[in-house]
Every structure is written in C-alpha cells, then in structure tokens.
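Enquirer: Give me coordinates for this.
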Amino acid sequence: MKIDIKPNFKFKFRNRLKGKKNLYVIIGAVLIGLIILFNSTSFIANLQWFGEVGYTRTYLTRALAVAGLTLPIFLIFYLVSIFYYRSISKKYDLVSYPQKTDGEIKRRNRYVYVASGIFFLVVAYGLAKDYWYVILQYFNSVDFGQVDPIFSKDISFYVFRLPLYQFLISLSLSVVVLLILLTVLIYLIIAAKSSFNRLNFRNARGILHVIKNGFIQFAGKALAMLISLFLLLMALKYYLDSFLVMFNESGVVFGPGYTDIKINVPFLRVIAVLAAVSAAVVAFGIVKKKVNLIAYPVLGILALSVLRIAAVFAVEALVVNPNQLERERPYIENNINMTRQAFGINNVDIRLFEADKDISPGEITGNREVVDSIKVNSYRHTLDFIRQAQVIRGYYDFNDVDVDRYMISGEKKQVFLSAREIDSSLISPSTWQNTHLFYTHGYGVVMSDSSTVTAQGQPDFLMKDIPTNNITDIPLDNPRIYFGELVSDYVIVGTQTDEFDYPRGGENESYRYTGEAGIKMNLLNRLLYAIEEKEPKILISSQITSDSKIIRKRNILNRVITIAPFLSYDSDPYLVVSDSKVYWMIDAYTHTDRYPNAKTFNGLNYVRNSVKVTVDAYTGAVDFYLADPDDPIAVSYNRIFGELFKDLSEMPEGLREHIKYPEDLFEMQTTVLEQYHVTNPAIFYNGEDVWQKSRVTGSNNEESTSQEPYSLFTSFEDEQDLELVFTEYYTIKGKENMVAIVNVRMEGEHYGQLVEYKFPPQKTVSSPYLFTNKLNQDPEISKELSLLDNAGSQVEFGDMVITPIEDSLLYVVPIYLVAEGENSIPEIKRFVISNDDKIVISDTFTNTLNMLFNFEAETPGEPGGVIDETLAKEANNLFNDAIEAQRAGNWAEYGRLMEELKNVLDSMIGQ
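Expert: Numbering: from 1, shown residues only. Sure, this is the predicted structure:
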C-alpha cells in the first residue's frame with residue numbers, strides 16, 4: 001500500500017511554526033545576542049583595560065589600522081576578482097554547451113559575488129592583521145642618516161621601505177599566477193565539456209582541434225594582460241633582489257662579496273630590464289598569435305639566469321679563490337664596520353692594561369674605597385639565603401635578586417634588592433576567594449649591602465622583615481606590591497572582605513586598596529568579566545559590590561608587552577625604591593634583522609635600548625620614556641602611536657638615578673665583540689684573534705659554564721666617584737689565558753660607554769676559570785677547602801670579582817658552605833684573595849687582605865674587620881633565637897630578640 005505523508009507533514013509543521021513564530025524569533029535574537037556578547041567580551045575588556053592604564057590610543061591605533069587596511073585590500077582583491085570573473089564568464093557562457101538561461105546565469109553570479117566577497121574579506125583581514133605595522137612603518141619612516149657602503153642608500157630603505165616592496169610584489173605575483181592558472185584551467189574545463197557534448201567521446205582529434213582553435217579567442221587578451229603583468233612584476237622583483245645581496249649569508253662574511261657586486265648585481269639588473277621589455281613583447285605576441293615573439297624573451301630570461309649561475313661559479317673558482325683575501329678585503333671591512341655600527345660597539349674605549357702582579361700595599365690603601373666596595377656576596381647564594389630567612393610565610397617568595405647603587409647615609413653603596421611577592425601557586429587552600437579577593441599583594445623589599453657580611457657569613461641586611469625594618473635613610477612608606485614578576489591572576493579589591501596585608505604574630509593585619517588601578521564592577525562589568533575570565537563567581541559572589549574593582553594583567557612584563565608588543569623587553573626587570581614607594585624598571589629594545597651588511601646574531605642584526613619603562617608596584621601605572629632619540633625605529637614607533645614615549649627628562653629624578661645599562665644588551669654586545677673586536681680585515685679573515693667569554697665553575701664538582709655579566713663597583717681615571725658597571729672577561733678561543741676585560745659604564749654622560757682593558761699578548765693573565773684551577777691546586781687552600789667540604793655540607797664558590805687596581809688585578813672569591821639537602825642556608829666561611837701570583841685564604845675579608853699585603857689588623861666596624869669573639873657569639877645566639885621565634889610566629893619575642901641583637905651589634909662597632 002502506498003502512503004502519502006507529505007501533505008500531513010507540511011500541514012502540521014506549518015501550524016506549529018505559525019503558532020510559535022514569535023517565540024522562535026525571540027530565541028533566535030537571544031542566541032545571536034549571546035554569540036555577539038561572547039565574541040566581543042575580549043575586545044570590550046581590552047578597551048576598558050587600555051583606558052584604565054591610559055593607552056587607549058595605542059590600542060585603537062592598531063585596531064583602526066587593521067580595520068582601515070582591511071577595507072582597501074578587500075576592495076582591490078574583490079574588484080579585480082569580479083572584473084576577472086565577468087570577463088571570463090561572458091566568454092564561458094558564449095562557448096559553453098548547452099547554453100545556460102539568463103536565470104541560471106544570474107543565480108550563479110549571485111553565489112559567486114557573495115562567496116568571493118566573504119573569501120576576500122577574510123583574506124584581507126588576515127593580511128591587514130599580519131602586515132599593518134609594515135605598512136604604517138613605511139608611511140612613518142625616519143632616515144638613519146647613514147648609508148650602506150655599496151648602493152649608498154640610507155639604512156631606512158632596507159628597514160622601512162624594502163619590506164613593503166617585497167610584500168606587495170610577492171602578493172601581486174601570487175595573485176597573477178593564480179589568475180593565469182585559473183584562466184587556463186577554466187578554458188580547458190569548458191572546452192572539454194563542450195567538446196564532449198558536441199562530439200563523439202572517442203573523437204580526441206576533434207576535441208583537441210576545438211581546444212586549439214578556441215583557446216586564443218577565449219583567453220588570448222586575458223592571458224596577454226596577465227603574463228605581461230607577471231613579467232613586469234618579475235622585473236621589479238629582479239631589481240629588488242639586487243639589494244638583497246646586502247643580506248647574503250653564503251660568502252666569506254655576512255653581506256655582499258666580490259662576486260655579488262661584480263656578477264650578481266649586474267646580471268640581476270640586466271634581467272630586470274629584459275623582463276620589463278619582455279612584458280610588452282609577450283603581450284603583443286599573444287594578441288597577434290606570434291609564438292616566436294612569446295618564446296624569445298622568455299628564453300632570453302632563462303638563458304641569462306643560467307649564465308648568471310655559471311658566471312658566479314667561474315668567477316669564484318678562477319678569480320676570487322686564488323686570491324680571496326685581496327678580492328674580499330673591502331667587503332670584509334664593510335661587514336666589520338656595519339656590524340659594529342649596528343650593535344653599538346663601534347666606539348669602544350680601548351685602554352692598554354699591564355696586568356702587573358705586584359700590587360703594593362700603598363696602591364690598596366690609595367684605592368681603599370674601591371676595595372671596600374668589592375661585591376663579596378653572590379647573586380644565587382643571596383637569593384637562596386633570603387628565601388630561607390625572609391620568606392616569613394609559605395605563600396611569599398622572592399623571584400630574583402637585583403643589583404643597584406644607592407646613596408645611604410651619604411655613602412654610595414652597591415646593594416642587592418628583592419621583592420617579597422605572593423605566589424598564588426603557593427596559597428593553600430587555593431580557593432577562589434583566597435586567590436582573588438584575600439591574598440592580593442606582596443609586602444616589602446629586602447635590601448642588603450653586597451660588600452659586607454655578618455659574623456656568620458650571611459648577607460648584611462639594610463631592609464628586611466615584615467613590617468619593613470629599614471636601617472637606611474631611604475624612605476619606604478608604602479611597601480605593598482600589587483604588580484610584580486610572580487603574579488599572574490587578577491584580583492578584586494574593595495570587596496566586602498578585607499585584604500590580607502601581612503602577618504603580625506599569630507594575627508593578620510588587613511588592608512583595603514586605595515590606588516587608582518582597577519575597573520569598577522557594576523553589573524554589566526561583572527557579567528563581562530565573568531565571561532572573559534570564565535569564572536561565574538565574579539557574577540554571583542555576594543562579596544563583590546559596585547565599589548569593587550577588578551585589577552588585571554598584574555604581571556609587569558605581561559602588562560608592558562600588552563601595551564607595546566612591538567618592542568622587545570629585557571628578561572630581568574629590576575626593583576627601584578624611590579619616592580617612598582616601590583617601582584619596577586624594565587629595559588625595552590627596538591631591533592631589526594634588516595640592517596644591511598651586518599652579521600645576524602640570534603636572528604637580529606640591529607638592536608638599541610631606546611626605551612625605559614617604569615611600573616608603579618602599587619598603582620600599576622606604566623610610563624614609557626624615550627632614552628635614545630637618535631634611534632630611527634623608536635622615533636618611527638612614536639609617530640605611529642602618537643607620542644607614546646615621554647622624553648627621558650620627564651622621568652622623576654629619583655627613578656632616573658637608578659637607570660642601569662641592560663644586561664641582555666651588554667651580553668649580546670659582548671658576544672658580538674668575541675669576533676668583531678677585530679677591525680683589521682686580514683686578521684679578521686684569518687681568524688687569528690677570536691675571543692670567547694671566560695668559563696666559570698661554581699664548585700669543585702661542577703662543569704664549567706659561560707658566565708652572565710658580572711657587576712662591579714669601581715672608578716675610572718676621568719671620574720673619582722664609584723660607578724656601577726657590568727663587566728665581562730675574555731680569553732683566546734680554546735684557551736684559558738685572559739686577554740681582555742670589557743666594562744660598560746652607567747653614570748651620567750658616560751652612560752653606555754664600553755671600556756676595554758686589553759692585556760699584553762705575551763703575559764699570562766688568569767681568567768676566572770684558570771684562577772679557579774690555580775685555587776684548587778694550591779696546597780694550603782685545597783687543604784682548607786677539604787676540611788670545610790665534609791659530610792653533610794658542600795663548598796661552593798661565590799661570584800668571582802676581578803677588580804682593576806692601578807695597573808694590576810685583584811681577585812676575590814667568597815667561599816660558601818652549603819648544607820646538603822633542601823632549604824639549606826648558604827654562609828660565607830672563607831675569602832680567597834689574590835694578585836694573580838700569591839693566593840691566600842682566611843675567615844674574613846680584612847684578614848685575608850692583611851695576609852696578602854701584610855696590613856695591620858683593621859679596627860672593628862670596617863667591612864670584614866676583627867670582631868670581639870664574645871660579642872660575636874652572643875650576636876650569633878640572639879640571631880638564631882630570633883629566627884626560631886620568627887618561624888614559630890612569635891613576633892613579640894622576635895622583636896625583643898632583634899632589639900637585643902641591635903644593641904650587641906652597636907657594641908661590636910663601637911657605637
């Protein structure tokens with residue numbers, strides 16, 4: 001039996017739809033609204049955040065640039081595609097069989113227009129998103145005022161303009177090739193289809209006859225235009241390729257060599273002219289159906305390309321290689337000059353240094369300020385110590401230790417600083433309320449004198465504990481840290497719950513945030529951030545009120561990267577105490593890999609520390625300062641983003657005093673100097689004077705490793721005041737004899753000046769690694785270390801400091817004793833001092849210095865001086881008791897013991 005259910009089905013469906021039409025419309029509208037809401041929360045949240053930090057223009061510049069570029073790119077692509085489609089479709093409809101009706105053609109065209117519109121809108125957005133900066137930088141380019149040594153073009157051509165030219169030509173070539181292939185493919189399809197419909201399927205000759213006679217009529221003009229355009233674009237590409245020899249990596253040095261300039265460049269430019277002429281000839285040949293006019297230019301280009309390759313090999317083999325140094329000498333010199341210029345190492349202050357080994361007691365006395373300021377504490381061990389002695393509670397941690405200089409009681413000191421932050425991963429229990437509402441901020445900094453230690457060999461703290469025990473004259477009224485290196489999650493302040501401030505005895509002090517950071521949590525914002533953070537508690541929590549504020553992007557690096565992602569940033573932000581508050585300072589870099597003729601290191605061949613960034617640890621306020629107004633890339637950024645960078649003179653003086661030269665930049669420059677300290681092309685070519693950074697070892701059992709830049713407190717002949725410098729030690733590659741020390745200065749008009757102390761080549765000067773070997777081989781020192789390095793403890797070497805004293809070098813190595821196992825407290829138990837001839841070891845710095853130079857014992861109170869043994873033992877006992885009280889949370893007892901300890905210490909130094 002046949003059952004027709006179609007009428008009944010339609011009837012029921014229509015009745016149901018008719019009765020619920022309004023409901024479906026409402027549901028559809030709600031769904032669309034939710035889709036829009038969920039997809040727009042990120043944009044709205046970002047817009048609010050940029051408004052909060054005061055950089056809305058920076059955010060909108062990029063957004064508007066992408067949107068503004070998407071439209072013209074889309075229109076160009078879309079109009080070209082529609083013009084091409086219409087020209088092809090008309091011919092397609094004329095020759096296709098069977099022919100389509102007008103209705104079918106209109107319907108097909110509608111689908112094509114819509115589909116191509118969507119496709120090219122997506123393509124245009126993707127291109128605008130990836131290349132917006134290349135385009136904006138082109139229109140905001142700034143001259144470098146320096147030209148390349150081959151074509152005499154300003155460096156800005158390679159950095160700002162050439163990338164856009166390459167992009168446009170590459171994109172245009174891709175489009176033209178695609179259209180050529182589509183033209184041929186479409187004709188072959190329709191010709192074959194028409195032939196199969198009209199002729200016998202087996203009549204292959206007839207099919208080929210139709211294809212042969214119809215192809216030129218169908219696609220001749222289109223192909224003529226496209227192929228001519230292709231050749232014209234190839235002419236431009238060949239011409240631009242002649243400039244790309246400035247980035248050649250295959251020669252003797254980075255950049256063009258003899259063969260590039262004498263063979264490659266002329267051939268590329270001749271081929272470019274031939275391709276341009278061929279564009280017109282090929283178009284004429286296709287239209288006139290003259291195959292010879294099409295073939296000859298193309299064959300000519302191919303022949304020249306092959307001849308170019310053959311000429312390169314011939315000239316290299318017959319002309320260059322037999323006399324390579326003389327042929328390549330000017331190009332080697334170009335590479336040396338451009339590389340040194342690109343990395344800012346072209347003005348190194350080179351000073352010959354005798355490195356005598358007979359330092360006199362008088363020279364030590366005359367440089368006593370430098371000697372007393374020698375850093376005897378090491379970074380790693382200081383960090384390990386404060387993580388044990390100053391963490392206070394389990395949710396606190398210290399990320400690293402920063403070195404800086406401060407005026408303390410009228411004396412300039414090199415100090416270590418570290419911020420006590422809350423690490424959300426250490427909060428237990430890690431409930432949402434604990435993580436985001438209660439534990440909102442860290443508290444305080446730890447500062448220690450890098451040049452002195454206590455009687456127990458521990459860091460000499462200048463700021464410590466909670467609340468901050470500050471014995472300096474540096475004011476610190478607000479030590480709270482809402483923005484730092486360890487934080488990552490958002491927090492909500494101003495809630496019904498008071499924030500945890502710091503522990504006091506068995507109780508907790510509470511706090512309520514009063515800074516400007518954060519976005520008010522009205523109902524819409526609660527919904528917005530519940531979606532954005534994927535946390536419904538933000539919406540439903542009764543603790544959050546309309547006065548509450550959400551603070552996001554609290555990690556300082558993430559914060560500045562979000563604002564200015566076009567800069568790169570130093571890996572180690574550092575802490576600054578200024579204006580009674582805590583700040584972070586971050587070095588930002590401009591860079592490129594497009595500096596002509598300069599060798600590439602780590603993917604870059606130009607870098608400048610043009611921007612200094614400060615972040616208020618309490619308010620999160622971010623300020624960018626232009627530190628190098630002569631850097632064209634930074635100036636270009638400033639034009640694009642509407643004076644994003646403030647003038648450096650606008651930085652508060654208290655912060656400006658703590659500007660340091662960035663370690664990452666110094667490390668890169670000193671890496672480049674390993675090879676490019678040489679300026680003589682012949683020596684450079686022969687590779688006879690290649691340096692390498694000295695290796696170091698942390699203990700008797702450790703493998704040697706390369707050393708990060710050292711910090712040093714020293715003075716120079718042109719300035720008597722002590723200066724903080726970073727320093728690097730060099731040896732001849734493959735050897736351990738030290739040949740040079742390179743410092744970078746940081747003070748005043750000397751900021752950024754590289755100073756190279758170059759040793760006589762005939763002298764043997766101990767590098768850090770070689771000195772460690774000598775130390776281990778010394779019978780007395782080896783015996784002393786063996787006694788310390790017994791079961792349950794391990795000897796480790798601290799940071800070696802090699803300080804220039806007049807014409808000699810003074811070596812200082814602190815010897816740490818570290819108990820085995822976790823949570824051990826490293827303590828300095830010995831000092832090793834040497835003039836690179838005699839090596840001595842003793843329990844204090846002063847005693848060791850006395851042994852080496854036969855000084856009389858220093859008075860108590862000076863760094864490492866002789867201390868009354870009874871008072872020292874009493875101080876040690878009080879300190880240990882205080883630590884136990886601290887760990888037990890007995891803060892009243894801890895305070896009493898610390899006060900007694902202070903009195904004992906005052907007695908020890910005669911106060």
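Enquirer: For the biggest helix by length in the chain, buried residues please.
Expert: When the chain is parsed with DSSP state H, its longest helix is helix 56-95. The neighbour-count check on helix 56-95 (16 or more other C-beta atoms under 10 Å) flags 58-59, 61-62, 65-66, 69-70, 73-74, 77-78, 81-82, 84-85, 88-89, 91-92, 95 as buried. Heads up, the C-betas are built off the backbone N, CA and C, glycines and all.
Enquirer: can you check stretch 507-527 too?
Expert: For stretch 507-527, by 16+ other C-beta under 10 Å, it's Y511, Y513, G515, A517, G518, I519, M521, N525, R526.
Enquirer: In strands, which of the residues you listed fall?
Expert: Y511, I519 (DSSP state E).
Enquirer: How far off centre is the longest helix of the chain?
Expert: Put simply, helix 56-95 sits 35 Å off its chain's centre (C-alpha atoms, centre = their mean, to the nearest Å).
Enquirer: Show me what that helix is packed against.
Expert: When contacts are defined as 3 or more C-beta pairs under 8 Å, 6 or more residues apart in numbering; DSSP states H and E, helix 56-95 sits against helix 21-53, helix 102-139, helix 162-198, helix 204-241.
Enquirer: secondary structure element for S450?
Expert: strand 445-453 (DSSP states H and E).
Enquirer: Beyond that strand, next helix or strand please.
Expert: Assigned by DSSP H and E, the successor of strand 445-453 is strand 459-464.
Enquirer: Give me the sheet partners of that following strand and which way each runs.
Expert: strand 445-453 (antiparallel), strand 469-470 (antiparallel) (DSSP bridges).
Enquirer: could you dump those strands to JSON lines with distance to D349?
Expert: Shown next, in JSON lines, are the strands paired with strand 459-464 (distance: least, C-beta to C-beta, whole Å):
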{"stretch": "strand 445-453", "distance to D349": "26"}
{"stretch": "strand 469-470", "distance to D349": "39"}
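Enquirer: so T545 sits in a strand?
Expert: No: if the criterion is DSSP: H, G, I helix; E, B strand; the rest coil, then T545 is coil and not within a strand.
Enquirer: What's the separation between it and T497?
Expert: The spacing between T545 and T497, counted by C-beta to C-beta, to the nearest Å, is 11 Å.
Enquirer: And for E747?
Expert: 47 Å.
Enquirer: try P163
Expert: From P163 to T497 the distance is 53 Å (C-beta to C-beta).
Enquirer: Can you tell me which of the buried residues of stretch 507-527 comes closest to W584?
Expert: Comparing these against W584 with C-beta to C-beta places A517 closest, at 14.0 Å.
Enquirer: In contact with the closest residue to that closest one other than its chain neighbours, which residues?
Expert: Among residues not flanking A517 along the chain, G620 sits closest, at 4.3 Å (C-beta to C-beta, 6 or more residues apart in numbering). When contacts are counted by C-beta atoms under 8 Å, 6 or more residues apart in numbering, G620 touches V53, Y482, F483, G515, A517, I551, R554, R559.
Enquirer: got a winner among those residues for most neighbours?
Expert: Neighbour counts for these (other C-beta atoms under 10 Å) peak at F483, which has 27 neighbours.
Enquirer: Count residues in the vicinity of the residue nearest to G255 when sequence neighbours are not counted, would you?
Expert: Excluding its sequence neighbours, the residue lying closest to G255 (C-beta to C-beta, 6+ apart) is N597, at 3.7 Å. By other C-beta under 10 Å, the residues close to N597 number 27.
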